[in-house]
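Visitor: Okay, predicted coordinates and the sequence, questions at the end:
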Amino acid sequence: MVLAQLGGSITRALQQMSNATVIDEKVLNDCLNEINRALLQSDVQFELVRDMRTNIKKIVNLQDLAAGHNKRKIIQQAVFNELCKMLDPGKSSFVPKKGKTSVVMFVGLQGSGKTTTCTKYAHYYQKKGWKPALVCADTFRAGAFDQLKQNATKAKTPFYGSYMESDPVKIAVEGVERFKEENRDLIIVDTSGRHKQEAALFEEMRQVSEATNPDLVIFVMDSSIGQAAFDQAQAFKQSVAVGAVIITKMDGHAKGGGSLSAVAATKSPVIFIGTGEHMDEFEVFEVKPFVSRLLGMGDLSGFVDKIHDIVPMDKQPELLQKLSEGFTLRIMYEQFQNMLSMGPMSQVLSMLPGFSSELMPKGQEKESQAKVKRYMTIMDSMTNEELDSSNPKLINESRMMRIARGSGRLVREVLDMMEEYKRLAKLWSKMKGLKIPKKGDMSALSRNMNAQNMANALPSQMLKQIGGMGGLQNLMKQMGSSRDMMGMFGGGE
Ligand SMILES: Nc1nc2c(ncn2[C@@H]2O[C@H](COP(=O)(O)OP(=O)(O)OP(=O)(O)O)[C@@H](O)[C@H]2O)c(=O)[nH]1
């Protein structure tokens, strides 16, 4: 979970307030002080924090609240709303339309993650059936074109650039023209960065922008820049028409609140956040779900969307039909494939209320991805008969030796994979009848989620970290109450 520490501190402050027998001025002030401290510690700009406090105090006038009022809920709601307000510039950014050509220009300082983010952005839309293309107009940094080329090739996205040409405007114009002719619907122009803000950078940006006339300029900002965020964002906004912000490296820093101040500086919404170096570590940013997650209330709608990414609507009856005929190795293979394309598991799980990606350390996640890939290599050496059978006994000793030889793995590893298959087959048989909720149908999801189902689905190590079955039940209780809160804030269902 990004900014997990900040979220944890705010939640604790609200919790402490809730524990007080009477909520008076002192209790409210203590709570707000605690929240302020947490925001400032994570580098949110001082003025924003001060305004937030003033606004909450204005809304929550304890003297005016009659005895019957639920002060706790009103305060919690005010904190939630103010956090949302801080992150919401009140206007949306340009949204490209599939099938219609849009030009999107990326700007930012060198090292902010601009080039990586261009590819992530292209990949995100490509997965949804768009036809993006990348133009490298960074002639300042040697190697920038190679990097873009490498990333674009990995993402199977067409690209344009030049080793010889030194005029970024010329390259940008040529690239955009070329891809317009090819009817690409999302033309992404990567511009050069500098180590620091300087006149040459802004002049070049302005010229590229003038020549390509982008529909949207996206400002890419590294979340770790702290208090400097506000000024940096403002400087870019003054030079080009920044219409949206993407904040990168939200995975690495407990701080990062500073970058959220960019919203106030550019008056443009944050549209995505980068949460890792991997192409899929890229999340759509939406204010309410983000604040919900920040406060440990989860983002059930995002979670359901992820499920639909893995098993699209039109494939669901097919999968359920296949599963009803028995859990085969081929189904496991396909699910592994989906899992890998979906991106890191911690990102998905962090959408569940009360979960934190801290529960799943990065190293461990990489390890489990490597394991999944190993299992897939092993399955690549299996026959159709083996893959389509739901009887593990079919894979006898001699078959195992053959499969190990064919895949270049150890027999022990084939055995490991079969154990994993049996574990998942057992899990599936227990989960029979589970329905995949429709998009937006949160109640179906919660109906399906009882502690036993969840306990079965979680890796045992993770269950231990949560605090076993007891810890999980507590978490589910929290989920219940967080759902109430989400409903109250209009964030969940
Ligand atoms: N952890 C983490 N690393 C990231 C993220 N986004 C980018 N990076 C890394 O940040 C470093 C710099 O990224 P680049 O894309 O090369 O930076 P850039 O802003 O394009 O640099 P210039 O092209 O020189 O302007 C690379 O090592 C990326 O892998 C992110 O969201 N999380």
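Guide: Good, I have the coordinates. Residues are numbered from 1 along each chain as shown.

Visitor: For whatever residue of the stretch 251-400 of the chain ends up closest to the ligand, give me phi and psi.
Guide: Closest to the ligand within the stretch 251-400 of the chain is G274: 2.6 Å, counting by CB to the nearest ligand atom. Backbone N, C-alpha and C define where each C-beta goes, glycine included. Note on G274: its backbone torsions stand at phi -90, psi 130 [degrees, to the nearest 10].

Visitor: Let me see the backbone angles for the residue nearest to it when sequence neighbours are not counted.
Guide: Nearest residue to G274 in three dimensions, chain neighbours excluded: T248, at 3.7 Å (CB to CB, 6 or more residues apart in numbering). Here is the backbone geometry of T248 (degrees, to the nearest 10): phi -100, psi 170.

Visitor: Tell me who's in contact with T248.
Guide: Contacts for T248 (CB atoms under 8 Å, 6 or more residues apart in numbering) come out as 112-113, 116-117, 220-223, 273-274.

Visitor: Specify the beta-bridge partners of it.
Guide: Here T248 sits in beta bridges with D222, as judged by DSSP bridges.

Visitor: Distance check, it against the ligand.
Guide: Using CB to the nearest ligand atom, to the nearest Å, we find T248 at a distance of 4 Å from the ligand.

Visitor: Okay, buried residues for stretch 177-197 please.
Guide: 179, 184-194 (16 or more other CB atoms under 10 Å).

Visitor: Looking at those residues, which are in strands?
Guide: Members of the buried residues of stretch 177-197 lying in strands (criterion: DSSP state E): 186-191.

Visitor: buried ones in stretch 282-295?
Guide: 282-283, 285-295.

Visitor: From the residues you listed, pick the one nearest F94.
Guide: F285 (15.4 Å; CB to CB).

Visitor: For that closest one, grab phi and psi.
Guide: phi -100, psi 120.

Visitor: May I have the predicted confidence score for the closest residue to it other than its chain neighbours?
Guide: With CB to CB, 6+ apart as the criterion, F285 has its nearest non-adjacent residue at 4.6 Å, and that residue is V270. The per-residue pLDDT reported for V270 equals 90.

Visitor: tell me, how many neighbours does L32 end up with?
Guide: 21 (other CB atoms under 10 Å).

Visitor: likewise the one 5 residues further on?
Guide: Applying the criterion other CB under 10 Å, we find 13 residues in the vicinity of R37.

Visitor: any idea how far the helix or strand containing it is from the chain center?
Guide: Using DSSP states H and E, R37 sits within helix 25-41. Averaged C-alpha coordinates place helix 25-41 at 28 Å from its chain's average position (CA atoms, centre = their mean, to the nearest Å).

Visitor: Flag every buried residue along that helix.
Guide: Applying 16+ other CB under 10 Å to helix 25-41 flags 27-28, 31-32, 34-36, 38-40 as buried.

Visitor: Ok, stretch 377-385 next?
Guide: Buried-residue list, stretch 377-385, by 16+ other CB under 10 Å: 378-379, 381-382.

Visitor: if we can go back for a sec, please list which of the buried residues of helix 25-41 also come close to the ligand.
Guide: For the ligand, no contacts are drawn from these by CB under 6 Å from any ligand atom.

Visitor: Now tabulate those in CSV and tack on distance to N151 and pLDDT.
Guide: Converted to CSV, these look like this (distance: CB to CB, whole Å; pLDDT from 0 to 100):
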residue, distance to N151, pLDDT
V27, 52, 87
L28, 50, 88
C31, 45, 90
L32, 45, 91
E34, 42, 90
I35, 40, 89
N36, 40, 90
A38, 36, 86
L39, 35, 85
L40, 36, 86
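
Visitor: Would you reformat the residues you listed as a markdown table and include distance to D88?
Guide: Output for the buried residues of helix 25-41, formatted as a markdown table (distance: CB to CB, whole Å):
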| residue | distance to D88 |
| --- | --- |
| V27 | 28 |
| L28 | 24 |
| C31 | 23 |
| L32 | 21 |
| E34 | 23 |
| I35 | 18 |
| N36 | 20 |
| A38 | 20 |
| L39 | 16 |
| L40 | 21 |
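
Visitor: with these in mind, which one is nearest to A425?
Guide: So of those, ranked by how close each gets to A425 (CB to CB), first place is A38, at 45.5 Å.

Visitor: just to revisit the earlier point, OK, contacts around the residue nearest to F285?
Guide: V270 touches 87, 244-247, 260, 262-263, 285, counting by CB under 8 Å, 6+ apart.

Visitor: re the thing from before, looking at the buried residues of stretch 177-197, which two lie furthest apart in space?
Guide: D185 and R194 (30.7 Å).

Visitor: picking up where we left off before, what are the phi and psi values for the residue nearest to F285?
Guide: According to degrees, to the nearest 10, V270 has phi -80, psi 130.

Visitor: so how far is S223 from it?
Guide: The gap separating V270 from S223 is 10 Å, by CB to CB, to the nearest Å.

Visitor: quick one: furthest residue from the center of the protein?
Guide: S398 (44.4 Å; CA atoms, centre = their mean).

Visitor: okay, now E47: neighbour count?
Guide: 11.

Visitor: just the one 10 residues further on next, same as before
Guide: Summarising burial for K57: neighbours were counted as other CB under 10 Å, giving 15.

Visitor: what residues are up against it?
Guide: 28, 32 are the contacts of K57 under CB under 8 Å, 6+ apart.

Visitor: element containing it?
Guide: helix 46-59.

Visitor: And E177, by the same measure?
Guide: Going by DSSP H and E, E177 is in helix 168-181.

Visitor: now S390
Guide: Counting by DSSP H and E, S390 is part of no helix or strand.

Visitor: Does it touch A425 like I think?
Guide: Yes: counting by CB atoms under 8 Å, S390 touches A425, with 7.2 Å between them.

Visitor: Could you verify my assumption that G257 touches L39?
Guide: Yes: with contacts counted by CB under 8 Å, G257 reaches L39, the gap being 6.0 Å.

Visitor: Pull up the overlap in contacts between these two.
Guide: Contacts common to G257 and L39, judged by CB under 8 Å, 6+ apart, are L6.

Visitor: In a markdown table: the ones in strands among the buried residues of stretch 177-197, plus distance to Q337 and pLDDT.
Guide: Shown next, in a markdown table, are these (distance: CB to CB, whole Å; pLDDT from 0 to 100):
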| residue | distance to Q337 | pLDDT |
| --- | --- | --- |
| L186 | 25 | 96 |
| I187 | 30 | 97 |
| I188 | 27 | 96 |
| V189 | 33 | 96 |
| D190 | 30 | 93 |
| T191 | 36 | 92 |
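
Visitor: May I see those residues organised as TSV, with distance to the ligand added?
Guide: Listed next are these as TSV, based on distance: CB to the nearest ligand atom, whole Å:
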residue	distance to the ligand
L186	18
I187	18
I188	12
V189	13
D190	7
T191	8
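
Visitor: where does this structure come near the ligand, residue by residue?
Guide: 108, 110-116, 138, 141, 144, 147, 192-193, 248-249, 251-252, 274-277.

Visitor: just the buried members of the contacts of T248?
Guide: Buried among the contacts of T248 (16+ other CB under 10 Å): 112-113, 116-117, 220-223, 273-274.

Visitor: any idea which of these is the one closest to A211?
Guide: The closest of the buried ones among the contacts of T248, once distances to A211 are taken by CB to CB, is V220, at 20.2 Å.
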